[in-house]
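Q: The following block contains a protein sequence and its predicted model.
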Amino acid sequence: MTEPPEPSAAAAPAPVRADGPRPRRVVKSVVSAVLITLTCILVPLSLLTVWVHDIVLDTNRYVSTVSPLASDPAIEAAAVHRITEAADVRVDGAQVTSDLAAWLESQGLPARVGTAVKALGPQLDSAADAAVSKVATRFVESDRFEKVWTTANRAAHAAVVHALTGQGRGAVGVEGGTVTLDVGTAVETVKQDLVKAGLAPAEKIPEVNKQMVLFQSDELAKIRGAVHLLDVVGNWLPVLTAILGAIGVLLARRRRRALVTTMLCAAAACLILAIGLAVARRYYLDHLPEQVQSPAAAAAVFDTLVRFLKVSIRTAMVLGVVVAIGAYLSGAGRLPRGMRAKAERTADSAAGWGASHGVHTGRVGTWVQAHRRWITMGALLLLALVFALWNHPTVPTVLLLVLILLAVLAVLALLAADGRVTTRPERPAGREPHTR
């Protein structure tokens, strides 16, 4: 009786290596999670970086941003008040009326006439103030003030850049956390207009402080380091963020789910940034220093400077939601499969109707049917490239590209459906009835 052969070494189960597929998958999943988390954090920081470059540190774009403020009612009112205050035209009404009363009495008029004339002193002071305010208002509401405003802000921008980065200088004073705009040119112009209008005392307008406080914050010196870091990083941060996000999604085990998670978390991070911006605005306006004479003007300046940042935040939020919805609808869930099946049936019905009326796409439809997936991916990459190269995209930009993509997908679906109709084998003709 022969003994059964010993099991061969080849039949023995191979030991699991420590560096086998499972640990590798775990490492990839961990790296993917870290990169996706980092991407969601960097998205709002990238928006801030772009804003710093395009608004705060770019003179031309800064000037184009603040130029409309010259016609803002709050800015106009603050400018009229500051110019009138700087002009400081004072007619000594009491002295003028007292001299006039003395002369009238010397001419033999009753003393009560001189008393009545002396009572007109305050009215003369008020009339002089009204004249100055009227001329200042006329100047501020004219095109001349817009030119002065633009010129002053262009000169001021170098000072703001110096305040934030320590580079360059400008005509506007930046001391500590206060940024002021020199309205000296406007005051001199109003002075000349007052003299031309017949108000001779305007020639004696003294040299006073003609600075209009635009911005004041004790934190200005502290944020210089952060702004310098953002300036060094520059426009590379958004590119780096996109690359990290793409790598994180590609390393994920379930890429479509990872893409949905990344885009939704990025949109949520942008929402947090928007809330933080609103809180910062309220805190700033509630703690305005005494140097800021017009809270409404301060609010107008703040809102104008952050307008493009708000637009970028809304755009990023909409883009994140749109991409997440698109990734979800391309998945294998019941709802996405049902929607795609319904769309295909609709395209088949349209192609069948066209075929019954002699409308065919020929080889084009057949080729599209065979290469539809690659054509779709090419269209997605092309639209992504257009969005990346778009100069300051907005929410309408995202919606426009989405509509274009939907139109392209609809055309591809119709062409593919016609290709299926063309290549579908014809039904065999019915047999002729057998006759005896």
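A: Thanks, I have the structure now.
Q: To what extent is the closest residue to A79 other than its chain neighbours buried, counted in neighbours?
A: Spatial nearest neighbour of A79, chain neighbours left out: V140 (5.0 Å); criterion: C-beta to C-beta, 6 or more residues apart in numbering. Every residue, glycine included, has its C-beta placed from N, CA and C. As a burial measure, V140 scores 26 neighbours (other C-beta atoms under 10 Å).
Q: Mind jotting down where the strands sit in the protein?
A: Secondary structure of the chain (DSSP state E): strands at 174-175, 178-182, 211-216.
Q: hang on, the residue nearest to A79 packs against E76?
A: Yes: with contact defined as C-beta atoms under 8 Å, V140 counts as touching E76 (5.0 Å).
Q: thinking H53 is in contact with V233, fair?
A: No: H53 is beyond contact range of V233, at 9.5 Å (criterion: C-beta under 8 Å).
Q: Where does pLDDT dip in this protein?
A: 1-21, 84-132, 158-226, 228, 230, 234, 291-293, 422-436 (pLDDT under 70).
Q: Mind doing that once more with 90?
A: 1-29, 46, 48-239, 253-255, 284-308, 329-341, 343-373, 384-385, 388-394, 412-436 (pLDDT under 90).
Q: Ignoring the adjacent residues along the chain, who's closest to A33?
A: G248 (7.6 Å).
Q: for S29, same thing?
A: R253 is the one closest to S29 (C-beta to C-beta, 6+ apart), at 6.0 Å.
Q: what number of residues lie near that neighbour?
A: Using other C-beta under 10 Å, R253 has 11 other residues around it.
Q: how about it, what does it touch?
A: Shown in contact with R253 (C-beta atoms under 8 Å, 6 or more residues apart in numbering): R25, K28, S29, S32.
Q: can you redo these as a markdown table with neighbour count?
A: Compiled in a markdown table, the contacts of R253 are given as follows (neighbours: other C-beta atoms under 10 Å):
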| residue | neighbour count |
| --- | --- |
| R25 | 12 |
| K28 | 14 |
| S29 | 15 |
| S32 | 21 |
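Q: Pipe those into a markdown table and attach distance to T397 per row.
A: Below are the contacts of R253 laid out as a markdown table (distance: C-beta to C-beta, whole Å):
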| residue | distance to T397 |
| --- | --- |
| R25 | 39 |
| K28 | 35 |
| S29 | 35 |
| S32 | 30 |
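Q: what's the most distant pair in those?
A: R25 and S32 (10.2 Å; C-beta to C-beta).
Q: one step back: filter the contacts of R253 down to just the ones in helices.
A: R25, K28, S29, S32 (DSSP state H).
Q: What's the local residue count around S356?
A: By other C-beta under 10 Å, neighbour count at S356 equals 9.
Q: who's in contact with the residue nearest to L38 when sequence neighbours are not counted?
A: Spatial nearest neighbour of L38, excluding adjacent residues (C-beta to C-beta, 6+ apart): L244 at 5.9 Å. With contact set as C-beta under 8 Å, 6+ apart, L244 has these partners: L35, L38, T39, L42.
Q: Can you say which of these are buried?
A: Among those, those scoring as buried are L35, T39, L42 (criterion: 16 or more other C-beta atoms under 10 Å).
Q: could you redo those residues as JSON lines and give each row distance to A327?
A: What follows is the buried ones among the contacts of L244, written out as JSON lines (distance: C-beta to C-beta, whole Å):
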{"residue": "L35", "distance to A327": "17"}
{"residue": "T39", "distance to A327": "15"}
{"residue": "L42", "distance to A327": "20"}
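Q: Spell out the residue ranges of the helices in the stretch 201-350 of the chain.
A: Counting by DSSP state H, counting those that start in this stretch, the stretch 201-350 of the chain has helices at residues 224-233, 236-251, 255-286, 295-305, 307-329, 334-356.
Q: My guess is P44 contacts L271. True?
A: No: between P44 and L271 there is no contact under C-beta under 8 Å: 9.3 Å.
Q: which residues touch N235?
A: N235 neighbours (C-beta under 8 Å, 6+ apart): T49, V50, H53.
Q: Please report how far it lies from W51.
A: 11 Å (C-beta to C-beta, to the nearest Å).
Q: With P393 instead?
A: Plainly put, P393 is 14 Å away from W51 if you go by C-beta to C-beta.
Q: One more: G362?
A: In terms of C-beta to C-beta, G362 sits 52 Å off from W51.
Q: more neighbours, those two?
A: Ranked by neighbour count (other C-beta under 10 Å), G362 and W51 place W51 first, with 20 against 10.
Q: residues contacting the more buried one?
A: Counting by C-beta under 8 Å, 6+ apart, W51 has contacts V306, F308, L309, S312.
Q: ok, now which ones touch the first one?
A: This means V306. Counting by C-beta under 8 Å, 6+ apart, V306 touches W51, L277, R281.
Q: got the phi/psi numbers for it?
A: Phi and psi for V306, reported as degrees, to the nearest 10, are phi -100, psi 10.
Q: now R254
A: phi -110, psi 90.
Q: could we number from 54 for the rest of this?
A: That works, and once the first residue is 54, the last one we named lands at R307.
Q: what about it, how many residues close to it?
A: 13.
Q: quick one, what contacts it?
A: Contacts of R307 (C-beta under 8 Å, 6+ apart): none.
Q: Right, I'll call it a day here.
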